[in-house]
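# Provided below for reference: sequence and predicted model.
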Amino acid sequence: MPKAKIQIGDRFITIGGYPTTWIVEREIHSPTVTPHFQLSQEGQPSRIKTLSESVLLDDNQYRKIPSASSAAA
């Protein structure tokens, strides 16, 4: 089963340790590396991190939180 595409506004929660929610703010394109995304911490938008698509889709590190629209479908 293919992994879901990451979109701006998607929310991810960290796995293990203190559960922190991160919101995808933008995608970073480069022809030489895998897609990366800039995320900000929910409730503290000044905390920013950049992660690769593979890290965000790794079930051992992050879990995507369903949006209200996808939960209703």
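Arrived safely. Computed from a predicted structure; not experimentally measured.
# The protein: helices as residue ranges?
Assigned by DSSP state H, the chain shows helices spanning 53-56, 68-72.
# what does the shortest one contact?
Judged by CB atoms under 8 Å, 6 or more residues apart in numbering, the contacts made with helix 53-56 from elsewhere in the structure are 6, 12, 34-37, 61-62, 64. From N, CA and C alone the C-beta is placed, and that goes for glycine too.
# picking up where we left off before, and the helices of the chain, which one is worst for confidence?
The weakest mean pLDDT among the helices of the chain belongs to helix 68-72, with a mean of 55.
# tell me the contacts of the closest residue in space to Gly43 that isn't next to it in sequence?
In space, Gly43 comes closest to Thr21 once its chain neighbours are excluded; the distance is 7.8 Å by CB to CB, 6 or more residues apart in numbering. Contact analysis of Thr21 by CB under 8 Å, 6+ apart lists 11-13, 41-43, 65.
# Put the alpha carbons of stretch 20-39 into CSV.
C-alpha atoms of stretch 20-39 as CSV (Å, rounded to 0.1, in the frame of the first residue of the first chain):
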residue,chain,number,x,y,z
THR,A,20,4.8,17.1,20.0
THR,A,21,2.6,18.1,17.1
TRP,A,22,4.3,19.6,14.0
ILE,A,23,2.5,21.3,11.1
VAL,A,24,3.9,21.2,7.5
GLU,A,25,4.5,24.8,6.4
ARG,A,26,6.2,24.3,3.1
GLU,A,27,7.9,21.8,0.8
ILE,A,28,11.6,22.3,-0.2
HIS,A,29,12.4,21.1,-3.7
SER,A,30,15.9,20.2,-4.9
PRO,A,31,16.8,18.1,-7.9
THR,A,32,19.6,16.3,-6.0
VAL,A,33,17.9,15.2,-2.7
THR,A,34,14.6,13.6,-1.6
PRO,A,35,11.8,16.0,-0.8
HIS,A,36,12.1,17.9,2.4
PHE,A,37,9.5,19.8,4.4
GLN,A,38,9.6,22.7,6.8
LEU,A,39,7.5,22.2,9.9
